[in-house]
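Trainee: just coords:
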């Protein structure tokens with residue numbers, strides 16, 4: 001009999017707990033209803049603002065960003081044609097509205113991906129002209145989701161610094177070029193280049209690290225060339 005009573009009490013307890021849960025739910029629903037009634041105007045304003053923000057974002061992309069991208073692309077392609085024809089000065093542009101070139105495209109459409117790419121191309125032309133500071137500044141403006149292009153950017157910036165007799169900064173930029181991309185050939189190229197620069201700076205430990213990395217990770221691209229550099233480190 002005692003066991004039966006215990007079982008009954010347990011069921012009664014569970015029933016009471018269930019009732020309490022439903023009471024809590026009812027109270028919660030009532031509180032929510034009161035909150036909505038009290039703040040209905042504010043909620044409508046907030047909801048309306050969110051809707052306007054979403055519509056504004058899509059309108060901005062459709063009526064401003066996309067046309068800007070198209071204009072930037074046409075300007076960039078004109079500069080590309082001049083570059084292909086060997087007309088570097090016209091490709092660089094920036095001297096007249098009629099021929100914006102890479103410089104004009106970057107200045108007018110710097111917020112677009114094509115505008116940023118134009119800064120990169122302009123930087124390369126400035127480098128060929130021996131204007132290393134201007135080249136560096138333009139390259140620094142370039143950014144992309146393409147990891148290989150970012151590696152090439154840091155590599156070109158390193159060349160600028162090396163030509164400005166700032167070899168330590170150049171070595172740091174080569175480290176960025178190495179780590180920027182997962183592409184093995186790109187990583188090999190800049191690792192070997194960093195090793196050669198470290199050797200020139202008489203940073204033998206760093207040079208050995210770079211050449212050993214080439215030997216361990218990128219032997220397929222190196223044809224054993226780094227073995228001779230590793231030997232050189234011992235006597236340099």
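Mentor: Sure thing, it's come through. In this text, all values refer to a predicted model and were calculated from it rather than measured experimentally.

Trainee: OK, contacts around the nearest residue to residue 156 once chain neighbours are set aside?
Mentor: Once its chain neighbours are removed from consideration, residue 156 has its nearest residue in residue 139; the separation is 5.4 Å (C-beta to C-beta, 6 or more residues apart in numbering). (C-beta placed from N, C-alpha, C; glycine too.) In this structure, residue 139 makes contact with 119-120, 123-124, 153, 156-157, 160, judged by C-beta atoms under 8 Å, 6 or more residues apart in numbering.

Trainee: hmm, 7 Å instead?
Mentor: 120, 123, 153, 156-157, 160 (C-beta atoms under 7 Å, 6 or more residues apart in numbering).

Trainee: so which of those residues comes closest to residue 108?
Mentor: residue 120 (15.8 Å; C-beta to C-beta).

Trainee: can you count the residues close to that closest one?
Mentor: By the other C-beta atoms under 10 Å criterion, the neighbourhood of residue 120 contains 22 residues.

Trainee: where does the protein dip in pLDDT?
Mentor: Low-confidence regions of the chain, defined by pLDDT under 70, span residues 1-67, 235-236.

Trainee: hey, where'd the helices end up in it?
Mentor: Under the criterion DSSP state H, the chain contains helices at 2-38, 40-60, 66-84, 88-92, 101-108, 113-128, 132-141, 147-163, 167-180, 184-200, 204-217, 219-222, 225-235.

Trainee: re the thing from before, against residue 93, how distant is the residue nearest to residue 156?
Mentor: From residue 139 over to residue 93 the distance is 17 Å, taken as C-beta to C-beta, to the nearest Å.

Trainee: now residue 108
Mentor: Using C-beta to C-beta, one obtains 11 Å as the distance from residue 108 to residue 93.

Trainee: Quickly list what's touching both of these two.
Mentor: residue 100.

Trainee: out of those two, which sits in the busier spot?
Mentor: residue 93 (25 against 17).

Trainee: Now for that one: which residues touch it?
Mentor: Contacts of residue 93 were listed using C-beta under 7 Å, 6+ apart, and they are 79, 99-104.

Trainee: Repeat that for residue 230.
Mentor: For residue 230, the residues meeting the contact criterion (C-beta under 7 Å, 6+ apart) are 208, 211-212, 215.

Trainee: Highest neighbour count among the residues you listed?
Mentor: Ranked by neighbour count under the definition other C-beta under 10 Å, those are headed by residue 211 with 27 neighbours.

Trainee: ok, the contacts of residue 230 vs residue 114, which is closest?
Mentor: Distance ranking of the contacts of residue 230 against residue 114, using C-beta to C-beta, places residue 211 first at 38.7 Å.
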